[in-house]
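Peer 1: Next comes the sequence, and after it the predicted model I'd like to discuss.
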Amino acid sequence: MKIATWNVNSINVRMPQLLAWLEAARPDVLCLQETKAVDDNFPVLELKAAGYGAAFTGEKSYNGVAILSRSAIEDVQLNFPDDTADAPKRLIAATVNGIRIVNTYIPNGTELGSDKFAFKLDWLLRLRRYFDATCSPADDVLFCGDFNVAPEPIDIWDPAGWEGKLHFSKPERAAIAFVGQWGFRDLFRELNGEVREFSWWDYRAGAFQRGHGLRIDHIWTSEKLTSRAVSCTIDRSTRKLEKPSDHAPVIAEFN
């Protein structure tokens with residue numbers, strides 16, 4: 001089974017790239033973030049023609065998450081159970097072929113010390129509580145998405161330069177580590193060791209061409225599901241396209 005995650009940075013803008021990638025990569029499941037589409041404008045018919053059903057929740061111009069699948073999408077959960085109807089659309093969970101998939105677009109945080117940074121840290125605490133309340137580490141659980149956090153120095157092109165900055169500050173790293181302590185393994189690290197690869201590159205200053213990236217898009221798995229993993233890779237090819245998303249897909253394969 002092949003499961004991928006991709007911050008597509010507007011599903012309708014990237015639709016030709018998305019359809020081409022689905023045809024080439026053939027994932028069984030694709031989790032999307034920053035779809036930036038209200039539900040009425042989500043491209044259900046185009047994806048169905050490509051062989052994918054979809055569960056999604058979105059809003060205009062920002063946020064939005066979706067799970068695309070070739071198989072049945074069951075037991076769908078939108079956002080945290082205690083969220084209000086107008087809460088940002090940042091979490092979707094569903095079960096596909098016995099795997100509980102939790103797809104997240106974790107808040108960016110804007111800048112250290114801001115209200116939005118405090119919201120990010122609180123959201124991560126709520127996420128850990130969500131896993132405690134709704135999932136079991138003994139089951140097949142996959143947590144993925146745009147985490148907006150680089151967990152370790154090896155996940156940053158210039159660790160010294162980024163120390164203490166957004167995406168690599170100690171509070172963010174501690175918060176995502178606390179989520180991971182629920183019982184997750186960082187699958188890319190688990191299978192690739194100390195390889196230095198990135199999944200996001202700023203649009204500015206030729207960051208992609210210069211290799212100035214961060215690994216902030218992740219697939220983490222429970223112990224049971226980790227034992228079934230065959231590979232976990234980052235597909236940089238999409239970042240080379242004209243007007244690409246600033247993120248690249250991360251792909252995991254399981255027996």
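Peer 2: That came in fine, so what should we check first? Just so it is clear, the structure is predicted and the values come from calculations on it, not from any experiment.
Peer 1: Going by C-alpha atoms from here, please, whenever you check contacts or count neighbours.
Peer 2: Fine.
Peer 1: Could I get the buried residue list for stretch 57-67?
Peer 2: Residues of stretch 57-67 classed as buried: 57-59, 62-67 (neighbour count, 16 or more other CA atoms under 10 Å).
Peer 1: Export the residues you listed to JSON lines and append columns for secondary structure.
Peer 2: Below are the buried residues of stretch 57-67 laid out as JSON lines (DSSP: H, G, I helix; E, B strand; the rest coil):
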{"residue": "Thr57", "secondary structure": "strand"}
{"residue": "Gly58", "secondary structure": "coil"}
{"residue": "Glu59", "secondary structure": "coil"}
{"residue": "Tyr62", "secondary structure": "coil"}
{"residue": "Asn63", "secondary structure": "coil"}
{"residue": "Gly64", "secondary structure": "coil"}
{"residue": "Val65", "secondary structure": "strand"}
{"residue": "Ala66", "secondary structure": "strand"}
{"residue": "Ile67", "secondary structure": "strand"}
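Peer 1: And the furthest pair within the residues you listed?
Peer 2: Greatest spatial distance in the buried residues of stretch 57-67: Tyr62 and Ile67, 17.0 Å, computed using CA to CA.
Peer 1: Quick check, pLDDT for the most centrally placed residue in the chain.
Peer 2: For the chain, Gly145 is the residue whose C-alpha lies nearest the centre (CA atoms, centre = their mean; 0.9 Å). Gly145 is assigned 98 on the pLDDT scale.
Peer 1: give me the element it is part of.
Peer 2: strand 141-146 (DSSP states H and E).
Peer 1: Show me which residues of whichever helix or strand comes after that strand are buried.
Peer 2: As assigned by DSSP H and E, the chain's next helix or strand after strand 141-146 is helix 159-162. Judged by neighbour count using 16+ other CA under 10 Å, the buried positions of helix 159-162 are Pro159.
Peer 1: With stretch 147-166 instead?
Peer 2: Buried-residue list, stretch 147-166, by 16+ other CA under 10 Å: 147-151, 153-157, 159, 166.
Peer 1: cool, stretch 192-208 as well?
Peer 2: 197-201, 208.
Peer 1: now do stretch 31-44
Peer 2: For stretch 31-44, by 16+ other CA under 10 Å, it's 31-38, 42, 44.
Peer 1: which residues touch it?
Peer 2: Contact partners of stretch 31-44, identified using CA atoms under 8 Å, 6 or more residues apart in numbering, comprise 3-12, 53-54, 56-68, 90, 103-105, 144-146.
Peer 1: quick one: the helices in the chain?
Peer 2: 15-25, 44-49, 115-134, 159-162, 170-180, 187-192, 207-210, 223-226 (DSSP state H).
Peer 1: Save those helices as CSV, and put in distance to Glu242 and mean pLDDT too.
Peer 2: CSV is the format used below for the helices of the chain (distance: least, CA to CA, whole Å; pLDDT from 0 to 100):
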stretch, distance to Glu242, mean pLDDT
helix 15-25, 9, 98
helix 44-49, 21, 98
helix 115-134, 31, 98
helix 159-162, 28, 96
helix 170-180, 32, 98
helix 187-192, 27, 98
helix 207-210, 13, 97
helix 223-226, 35, 98
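Peer 1: quick one: which of these is nearest Arg236?
Peer 2: Of all the helices of the chain, helix 207-210 comes closest under CA to CA, at 9.6 Å.
Peer 1: pull the CA atoms of the closest one into PDB?
Peer 2: Presented in PDB, the C-alpha positions along helix 207-210 are these (Å, rounded to 0.1, in the frame of the first residue of the first chain):
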ATOM      1  CA  ALA A 207      16.100  28.400  -2.500                       C
ATOM      2  CA  PHE A 208      15.300  25.200  -4.300                       C
ATOM      3  CA  GLN A 209      18.100  25.600  -6.800                       C
ATOM      4  CA  ARG A 210      20.500  26.300  -4.000                       C
END
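Peer 1: what residues does that helix touch?
Peer 2: 201-202, 213, 239.
Peer 1: between the residues you listed, which is closest to Gly98?
Peer 2: For those, the nearest to Gly98 is Arg239 (31.8 Å; CA to CA).
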